[in-house]
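Asker: Provided below for reference: sequence and predicted model.
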Amino acid sequence: MRSDMPVQKNRPEDHPDIDPYRRLSASQAIAYSRCPRLWYYGWERRLKTPLPPQIIRGNAAEACICRVMRDSPVFVSGEGEDQMQSPLDDQGSPLWDSEEGWPSPSMEALEQSLWPTDFETLSSWAHSRARAHFEKCWEEATSDWMANPNRKGTIEDADPEECLNMVLRGVDLHLIEVQGCLDTGQDDLEAWRDGGSRPYWPAPDGFPRIWDKPHPSARGAGEEMHIVEAWEMARPWFVDPDAAAFTQTSTHPDGWFQGEYDLVYRWGGRTRIVDIKASIGKGDRSHGYIDQLRMYAWLWNKTHGDSEPIDGLEIWYLGAGDPKSVTVPSQEEMIQMEEDLFQLYTRIRKGSPSIEECPASPSPLRRFRPGGIPDTKPVEDDLRARCKNCEYSGICEGSGAASTTIQYDSLQRLGHDWTITAIDAIQTRFSAVGEVAKLAEPTLNEDGTVEVRFTLVDGWDRATIRPHRLGGPRRVTRSLSEGAMVRVEGALPSLWKGQLNLDLDSGSSIEIANEGDVSPIVEIETRISVVGRVWSIDAYPDGVSVKRWSITLVDTSGSASVVAFKQFIPTKAASISRGDVIGILNGEVGEWAGRPQIKIGPGTKVVVINDEAHLAS
């Protein structure tokens, strides 16, 4: 594992006690500081807030700026097609170690007469590249938003002209860096010209990781730096625009925190982190952006130490003016940050805090002017101002808003009186005691989990014991043998063709049963009925890659996911919207990432309920 650039990946086996899906991040820390309950709803219950069309602007702007930065005026004309696509592996990460698929080694340089010769012609080329890339970036961002079933608003609320202007502003800010490199970056010049200064995590430029040949724009030793050389040398590291989401993150050496940088400039022997925001920087979020950058400086320090200190932090508000500088935290502040963040990780991510441990205690709402400049009145007088626009106000008792939650004890539908279980009362894990039969030889996997399969026999009842598809148990008695009486603890039940399966994961265990220990298989409940309000539509089949229907339901007590695959997707799915009250009757009990899940299978009914009599007061 190398840490001399912005990507640092930890293998799960490096930190078996760290759940890679429960790492802390800057966005979580900021949300918790705004209001612990805000964090709880967003990350512990995973209640997704709807995506507004403004997300199109941010995604399109960053993608377009990065594509311009990846281009080279030596290879691509201002109006030329995009030729810099990066080869990717099956997970969507750039194939840095492959010599195949990278475009730059096989591209022919343009005639030198077509290269920019000064700042003005380079700016003209860069702006042309931005316009050449923009339509595709806008269309892809729009398509992603339209494909998200949890969106809100209309496409008319997203202005492509506004976004293009932000892109051009971002390109101009990069051009200022290029000019700075041209003026003061001579110390790096000869090493770059020789081709021997390529870092382990290079800036995306169409070349593979190992490439020591001089760039076609490189001039002879001793010659004055050319503006095109400055473009190549000043190029920052950024997330490759072709890479899949979250494949270019950096993780704390101990595995419990992760983040992803936007831009990292390194020319002139100075390392600076830049965060791009497709906004004007007005509002409370600007305070969180400062904290985010300072956390990134701390994370960089943890992964690089004293070998490459951070020299500067900036926020580029693309709808405003000049970059906003952020003070780099001192060593003492970073030490305190490490302590505070680890305590926060231990409190909210290492375990699963209850709602009572995350009180509705909002911080004051801060005021900023365009450019992230603090307002003359920095804080709102109303201590609950943050609650007024909070997406969770209708389900949070601390907001003062009218409740939108519901609770049913029973429901009469389809000629039957259904007992309704409160979501918080759903039992997803069960224990069973029985005799081991048909035991397959257990094997120990490299990650410390045990591959174990057998039939558990309890009188006339049977259950198939098997590893969960996402990983098996770690705690399995060495006394496991054919005919032994065992207790299976914390198993996840499922049904397949009438057969009960008990799936075991890291939260499960197998131990020798004590004399007289009883936990009947027959008492395991695999079916349940719930009623709740649709909080979000999380997935809808698109006929291509998405083959499931998934929603999140909330009632007064809690939240759960509901999922259906293939032929079990209800015909009503197309007409069910966020805010509807529905019942899932005779659903299969399950669990996904620690949250209750109701699976729609054979015999499950989905009903839409218009009766609001059960609205919580």
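Answerer: Yes, it's here. It should be emphasised that the depicted structure is a prediction, and the values quoted were computed from it without experimental measurement.
Asker: mind checking the SS state of Gln412?
Answerer: At Gln412 the chain is in strand, as set by DSSP: H, G, I helix; E, B strand; the rest coil.
Asker: can you offset everything so residue one is 23?
Answerer: That works, and once the first residue is 23, the last one we named lands at Gln434.
Asker: for it, which non-adjacent residue is closest in space?
Answerer: Excluding its sequence neighbours, the residue lying closest to Gln434 (Cβ to Cβ, 6 or more residues apart in numbering) is Trp440, at 7.4 Å. C-beta coordinates here come from the backbone N, C-alpha and C atoms, glycine included.
Asker: now the one you found: which helix or strand?
Answerer: Trp440 belongs to strand 438-441 when elements are defined using DSSP states H and E.
Asker: just Thr574 next, same as before
Answerer: Thr574 belongs to strand 570-576 when assigned by DSSP H and E.
Asker: go through that strand and flag the buried ones.
Answerer: Residues of strand 570-576 classed as buried by neighbour count (16 or more other Cβ atoms under 10 Å): 571-576.
Asker: what lines up beside that strand in the sheet?
Answerer: Pairing partners of strand 570-576, with direction, according to DSSP bridges: strand 549-561 (antiparallel), strand 581-587 (antiparallel).
Asker: buried set for the last one?
Answerer: Think strand 581-587. Of the residues in strand 581-587, those buried under the neighbour-count criterion (16+ other Cβ under 10 Å) are 581-586.
Asker: could you dump those residues into TSV and include pLDDT?
Answerer: Putting the buried residues of strand 581-587 into TSV (pLDDT from 0 to 100) gives the following:
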residue	pLDDT
Ser581	95
Ala582	96
Ser583	96
Val584	98
Val585	97
Ala586	97
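Asker: where does Leu514 sit: helix, strand or coil?
Answerer: In three-state terms, and counting by three-state DSSP, Leu514 is strand.
Asker: quick one: list the elements packing against the helix or strand of the chain with the lowest mean pLDDT.
Answerer: Of all the helices and strands that make up the chain, strand 395-401 has the lowest average by mean pLDDT, DSSP states H and E, namely a mean of 88. With contacts defined as 3 or more Cβ pairs under 8 Å, 6 or more residues apart in numbering; DSSP states H and E, the secondary structure elements packing on strand 395-401 are strand 388-391.
Asker: list the buried ones in the strand it packs on?
Answerer: Residues of strand 388-391 classed as buried under the neighbour-count rule (16+ other Cβ under 10 Å) are 388-390.
Asker: in TSV, list these along with pLDDT and distance to Leu366.
Answerer: Written out in TSV, the entries for these read as follows (pLDDT from 0 to 100; distance: Cβ to Cβ, whole Å):
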residue	pLDDT	distance to Leu366
Arg388	93	20
Arg389	91	26
Phe390	92	24
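Asker: so which of the residues you listed comes closest to His155?
Answerer: Set against His155, the nearest of these by Cβ to Cβ is Phe390 (30.6 Å).
Asker: what number of residues lie near the residue nearest to that closest one when sequence neighbours are not counted?
Answerer: With Cβ to Cβ, 6+ apart as the criterion, Phe390 has its nearest non-adjacent residue at 4.1 Å, and that residue is Ser308. The number of residues packed near Ser308 is 25, by other Cβ atoms under 10 Å.
Asker: which strand or helix spans Ser308?
Answerer: Here Ser308 is covered by helix 307-326, with elements defined by DSSP H and E.
Asker: for the helix or strand that that helix is followed by, what is the average pLDDT?
Answerer: Tracing the chain past helix 307-326, the next element assigned as helix or strand by DSSP H and E is strand 332-339. Here the mean pLDDT over strand 332-339 is 96, rounded to a whole number.
Asker: buried stuff in strand 332-339?
Answerer: Using 16+ other Cβ under 10 Å, the residues of strand 332-339 that count as buried are 332, 334-339.
Asker: quick one: that strand to strand 395-401, angle?
Answerer: Between strand 332-339 and strand 395-401, the angle formed by their directions is 80 degrees, by axes from the mean of the first three to the mean of the last three Cα atoms, to 10 degrees.
Asker: strand 332-339: partners in the sheet, and parallel or antiparallel?
Answerer: In the sheet containing strand 332-339, the strands it pairs with under DSSP bridges are strand 293-299 (parallel), strand 346-348 (antiparallel).
Asker: residues in contact with it?
Answerer: By Cβ atoms under 8 Å, 6 or more residues apart in numbering, the surrounding residues in contact with strand 332-339 are 191-192, 195, 292-299, 301-303, 311-312, 315-316, 318-319, 322-323, 345-350, 392-394.
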